[in-house]
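Participant: Fold the following for me, if possible:
(chains A and B, ligands or ions: 1)
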Amino acid sequence: MADFSWDIRGPLDRALVAGAYGAQGDAGVSLTEIRNFDLVQVMARRGKAGETAKAAKARFGIAAPETPRAVAAADATLIWSGPDQFLVLSKDGRHSIESLAIVFAGSASLSDQSHARALISVSGDKARAMLAKLSSIDLHPDVFGVGAAAATSMDHTSVTLWRGNDRSGQAVFNLLVFATFAESLWHTILDSAAEYGVTIGHSEEL
Amino acid sequence: MRIVCPFCGERELGEFTYLGDAKPQRPAADAGEDAVYDYVYLRDNIAGVMSEHWYHGGGCRAWLKVTRNTLTHEISAVEPAAGAGAAKVGA
Ligand SMILES: [Zn+2]
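Facilitator: Numbering: from 1, shown residues only, chains lettered A, B, ... in the order given. Next comes the predicted model:
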């Protein structure tokens, strides 16, 4: 009988090689995988959108987004993922599914996505040029400002895309992708970014 | 062709899947075999304005009712499909 060993590992463990990639010189694109986050999908039950919104406001101190936006609470980011639904991104178990189950009891259905998605943060001078090869979303700063979000597809793969706060004066685009599609999308991103030069790394900072 | 999703905004066709005619209504349980046969199998082949179901699977995953001219691809209306996704519908 064959022996199987099941290792716990991140979806990009194999594909992600930290360091430089592609064209030499100043990197135009910076790719960072964010690891060890908590992610919970919240979907209002039919006719319970109002109750869900109220419960979210009480829990997070801000209104959950009702349009494609990502909003920052004190210790979580709430990202629109569809009509009457949003994702709660946090870390260190502050908003685990166990704690949110109490908050949304009777108003929303929850699904733990913590280990079901990979989170990739894209920045750099050429971030927009690179993403334009993969996405039909208009990422011009006048259209897709800080806090803008989209449920969309890249390379036929569903992604949740949103613009976080600028870092060192540069736009930051965050991408949540299904874990099993992460490696494929990662390679596509690398192919698209190679001509600009890439810096690759990972982090636990949201 | 692009579809303006009422939730996401204007998106390329590749994010959507076509389901078909949005007109047929499920017959009552006692409507008889002919009515069920008609509902399941028979479709009008409309050359002109048609009401269709589309699924925004590459986006917000909502079902939409799209009014489209099959001759010109002109889309005159898009709305959430009742009872098929958005809790907001009819609420
Ligand atoms: Zn949509």
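
Participant: Domains in chain A, by residue range?
Facilitator: Residue ranges for the domains of chain A, per automatic domain parsing: A:19-35+A:115-203, A:38-112.

Participant: ends of the first one, how far apart?
Facilitator: Across domain A:19-35+A:115-203, the straight-line distance between its terminal residues is 13 Å, by C-alpha to C-alpha, to the nearest Å.

Participant: is any part of that domain close to the ion?
Facilitator: No - Domain A:19-35+A:115-203 does not reach the ion (C-beta under 5 Å from the ion); its nearest approach is 6.5 Å. (C-beta placed from N, C-alpha, C; glycine too.)

Participant: still on that earlier bit, with mean neighbour count and distance to residue B:32 added, can I get the domains of chain A in a markdown table?
Facilitator: Below are these laid out as a markdown table (neighbours: other C-beta atoms under 10 Å in any protein chain shown; distance: least, C-beta to C-beta, whole Å):
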| stretch | mean neighbour count | distance to residue B:32 |
| --- | --- | --- |
| domain A:19-35+A:115-203 | 18 | 42 |
| domain A:38-112 | 19 | 31 |
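
Participant: which stretch of helix or strand covers the residue of chain A found nearest the ion?
Facilitator: Residue nearest to the ion within chain A: residue A:151 (6.5 Å; C-beta to the ion). When elements are assigned from DSSP states H and E, residue A:151 belongs to strand A:149-154.

Participant: Give me the helices and strands touching that strand, please.
Facilitator: When contacts are defined as 3 or more C-beta pairs under 8 Å, 6 or more residues apart in numbering or on different chains; DSSP states H and E, strand A:149-154 sits against strand A:77-82, strand A:157-163.

Participant: To chain B, which of these lies closest?
Facilitator: With respect to chain B, and counting by C-beta to the nearest C-beta, the nearest of the helices and strands packed on strand A:149-154 is strand A:77-82 at 3.9 Å.

Participant: just the angle between the helix or strand just after the closest one and strand A:157-163, please?
Facilitator: Note on strand A:77-82: by DSSP H and E, the next helix or strand toward the C-terminus is strand A:85-90. For strand A:85-90 against strand A:157-163, the angle by axes from the mean of the first three to the mean of the last three C-alpha atoms, to 10 degrees is 70 degrees.
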